[in-house]
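>>> Turn this into a structure:
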Amino acid sequence: MTSTAQPPASGAREAHPDHLGHVIFITAAAAMGGFLFGYDSSVINGAVEAIRDRYDIGSGTLAQVIAIALIGCAVGAATAGRIADRIGRIRCMQIAAVLFTVSAVGSALPFALWDLAFWRIVGGFAIGMASVIGPAYIAEVSPPAYRGRLASFQQAAIVIGIAVSQLVNYGILQLADGQQRGEIGGLEAWQWMLGVMVVPAVLYGLLSFAIPESPRFLISVGRKDRARQVLSEVEGKNVDLDARIAEIETAMHREHKSTFKDLLGSRFGFLPIVWIGIGLSVFQQLVGINVAFYYSATLWQSVGIDPASSFLYSFTTSIINIIGTVIAMVLVDRIGRRPLALIGSAGMALALAVEAWAFSADLVNDKLPETQGVVALIAAHVFVLFFALSWGVVVWVFLGEMFPNRIRAAALGVAASAQWIANWAITASFPSLADWNLSGTYIIYTVFAVLSIPFVLRFVKETKGKALEEMG
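Sure thing, here's the model as predicted:
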């Protein structure tokens with residue numbers, strides 16, 4: 001039997017798949033949802049000013065249209081766990097792929113502002129589902145020895161999606177002579193930016209037919225032979241498969257299927273472990289990372305950088321994001337999740353403080369003084385680097401690992417939903433806060449980066465190298 005004090009008897013901890021490439025393919029296919037998550041989150045960056053101009057709206061209304069997708073994200077994240085437990089992880093991915101596709105078409109061809117907002121909510125629901133199903137599925141098919149690196153695929157896919165969306169936006173902008181509202185084939189450039197997402201959405205749907213269902217879901221619905229086959233593929237034939245299935249069954253029989261009620265504790269609403277997951281999710285957003293991806297082009301233009309260069313800086317930020325994510329993928333199973341989180345918090349706090357100083361300078365001819373402008377650009381890239389090599393990856397790894405089997409899907413859904421609500425709060429508030437005081441806004445983000453350090457030290461436990469059945 002498995003316990004929190006003893007390693008699994010099946011040898012799961014030392015499991016090494018016979019064909020690691022096959023496991024990597026499965027993980028990469030599942031992480032395609034993360035690619036769409038990143039793509040859909042960031043693609044709007046190239047359309048912000050065009051939407052403002054076409055519908056003649058102010059900063060407040062514009063922020064709500066940009067941020068409204070995050071409400072859909074929160075709902076999708078909150079419901080995805082239950083859907084996945086009922087119909088399976090793969091079917092959930094396929095539903096998300098359909099919603100991504102429909103949202104891309106609708107967003108590209110809106111006939112009014114409310115119509116555009118509706119399709120953004122639909123896309124947000126799909127992002128929310130993908131944000132839950134990706135980490136949960138990857139954690140469930142990954143051998144413990146590789147799980148940190150494989151779980152990092154989700155964040156790697158997100159940052160690649162962000163970079164590709166900005167590269168595509170830049171290419172479309174060039175075809176439209178640098179005008180977001182320039183016409184290409186009868187549609188404005190920003191419409192093409194939003195519509196191109198149909199391509200990866202369809203690919204995600206097709207890939208979902210090429211990967212196996214999670215062995216834990218298969219066992220939960222009585223398909224043990226298929227579960228044994230999948231476990232053999234992903235953990236290797238040297239593992240005692242009968243003992244492995246018994247471990248999973250013991251954990252599942254000992255604890256019934258997760259529901260929202262299972263997350264409730266006696267004193268503070270949720271169980272302590274759920275609050276820790278919510279805390280990780282919220283801190284990941286309250287440092288202001290998505291300001292760098294939703295508003296970066298607008299931000300740099302506001303301090304005097306021309307539109308073409310602002311798109312270039314946005315893209316270089318995405319490249320730094322990818323580099324940081326690769327660093328995290330290399331280190332997450334070597335030095336652990338907690339050390340990476342602490343390193344990232346310290347680096348982000350320093351970079352954000354420097355940005356706050358740079359943005360405190362008075363504008364000269366609608367531009368930052370040269371010194372502060374250079375410092376702001378460098379600090380922005382350093383901030384993204386430290387986020388990517390730490391919280392960008394380890395939060396998704398933690399959320400896929402830290403919860404006991406009996407509440408994993410439901411708890412992951414609540415934590416991811418909290419993440420989207422925090423994301424919405426940051427995204428919706430930034431234009432107004434920036435109009436009030438851009439430097440003050442970055443001081444707020446700095447404070448949250450500093451507060452994340454004692455939170456990790458006090459509440460977050462290391463999950464490196466443990467089998468999922470040991471969490472509890």
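>>> Could I get the average pLDDT for the one helix or strand residue 411 maps to?
Under the criterion of DSSP states H and E, residue 411 resides in helix 408-459. Averaging pLDDT along helix 408-459 yields 88.
>>> tell me what it is packed against?
Other helices and strands packing on helix 408-459, by 3 or more Cβ pairs under 8 Å, 6 or more residues apart in numbering; DSSP states H and E, are helix 59-67, helix 69-87, helix 113-141, helix 272-286, helix 291-294, helix 296-302, helix 337-359, helix 391-401. Glycine gets a C-beta too; all of them are placed from N, C-alpha and C.
>>> 7 Å instead, please
Helix 408-459 is packed against helix 59-67, helix 69-87, helix 113-141, helix 272-286, helix 291-294, helix 337-359, helix 391-401, with contacts defined by 3 or more Cβ pairs under 7 Å, 6 or more residues apart in numbering; DSSP states H and E.
>>> pLDDT averaged over the fifth one - what is it?
Read it as helix 291-294. For helix 291-294, the mean per-residue pLDDT is 76.
>>> between the helices and strands packed on helix 408-459, which one is nearest to residue 439?
Closest approach to residue 439 among the helices and strands packed on helix 408-459 (Cβ to Cβ): helix 337-359, 4.3 Å.
>>> How far away from the center of its chain is the closest one?
Put simply, helix 337-359 sits 19 Å off its chain's centre (Cα atoms, centre = their mean, to the nearest Å).
>>> rewinding a little: run the angle between the helix holding residue 411 and helix 113-141 for me.
Computed by axes from the mean of the first three to the mean of the last three Cα atoms, to 10 degrees, the angle separating helix 408-459 from helix 113-141 equals 80 degrees.
>>> quick one on the thing from earlier: could you identify which of the helices and strands packed on helix 408-459 is most buried?
Highest mean neighbour count of those: helix 391-401, a mean of 27 (counted as mean count of other Cβ atoms under 10 Å).
>>> contacting residues for residue 233?
Applying Cβ atoms under 7 Å, 6 or more residues apart in numbering to residue 233 gives the contacts residue 22.
>>> ok, and for the helix or strand hosting it, which residues are buried?
With secondary structure defined by DSSP H and E, residue 233 is part of helix 224-235. Buried residues in helix 224-235, counted by 16 or more other Cβ atoms under 10 Å: 224, 227, 228, 230, 231, 232, 233, 234, 235.
>>> Switch those residues over to TSV; also include pLDDT.
Below are the buried residues of helix 224-235 laid out as TSV (pLDDT from 0 to 100):
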residue	pLDDT
224	87
227	87
228	86
230	86
231	84
232	83
233	82
234	80
235	78
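>>> For the residues you listed, could you give me CSV that also reports distance to residue 162?
Below are the buried residues of helix 224-235 laid out as CSV (distance: Cβ to Cβ, whole Å):
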residue, distance to residue 162
224, 40
227, 35
228, 38
230, 31
231, 34
232, 36
233, 31
234, 28
235, 32
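>>> ok, so of these, who is nearest residue 376?
Distance to residue 376, by Cβ to Cβ, is smallest for residue 234 among the buried residues of helix 224-235, at 45.6 Å.
>>> Lowest-scoring secondary structure element of the chain by mean pLDDT?
helix 296-302 (a mean of 67; mean pLDDT, DSSP states H and E).
>>> Next secondary structure after that helix?
helix 307-331.
>>> Which elements pack onto that next one?
Secondary-structure packing of helix 307-331 (3+ Cβ pairs under 7 Å, 6+ apart): helix 147-175, helix 296-302, helix 370-388, helix 391-401.
>>> So which of those is the most surrounded?
By mean count of other Cβ under 10 Å, those have helix 391-401 as the most buried, with a mean of 27.
>>> Give me the angle between it and helix 307-331.
50 degrees.
>>> Need the per-residue pLDDT for the closest residue to residue 116 other than its chain neighbours.
In this structure, residue 116 finds its nearest non-sequential neighbour in residue 110, 3.8 Å apart by Cβ to Cβ, 6 or more residues apart in numbering. Here the pLDDT value assigned to residue 110 is 90.
>>> what residues does stretch 327-338 touch?
For stretch 327-338, the external contacting residues (Cβ under 7 Å, 6+ apart) are 148-149, 152, 156, 340, 388-390, 392-394, 397-398, 456, 460, 462-464.
>>> Might you report the residue contacts of residue 415?
277, 278, 281, 399.
>>> Dump the residues you listed to a markdown table, plus distance to residue 181 and pLDDT.
Output for the contacts of residue 415, formatted as a markdown table (distance: Cβ to Cβ, whole Å; pLDDT from 0 to 100):
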| residue | distance to residue 181 | pLDDT |
| --- | --- | --- |
| 277 | 42 | 92 |
| 278 | 41 | 93 |
| 281 | 36 | 93 |
| 399 | 40 | 85 |
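>>> Tell me the one among these nearest to residue 374.
Proximity of the contacts of residue 415 to residue 374 (Cβ to Cβ) peaks at residue 281, which lies at 33.7 Å.
>>> count of neighbours near residue 462?
Number of residues near residue 462 (other Cβ atoms under 10 Å) recorded here: 12.
>>> starting at the chain centroid, how far to the helix holding residue 233?
In terms of Cα atoms, centre = their mean, the gap separating the centre of helix 224-235 from the centre of its chain is 28 Å.
>>> Stretch 148-162 now?
8 Å.
>>> what's the answer for stretch 316-332, then?
On the basis of Cα atoms, centre = their mean, stretch 316-332 sits 14 Å off its chain's mean C-alpha point.
>>> buried sites along that stretch?
Neighbour-count burial for stretch 316-332 [16+ other Cβ under 10 Å]: 316-318, 320-321, 323-329, 331-332.
>>> how close does the closest residue to residue 314 other than its chain neighbours sit to residue 431?
Leaving aside its chain neighbours, residue 314 sits nearest to residue 296 (4.3 Å; criterion: Cβ to Cβ, 6+ apart). Separation of residue 296 from residue 431 (Cβ to Cβ, to the nearest Å) stands at 13 Å.
>>> swap in residue 38?
The value you get for residue 38 to residue 431, if Cβ to Cβ is used, is 22 Å.
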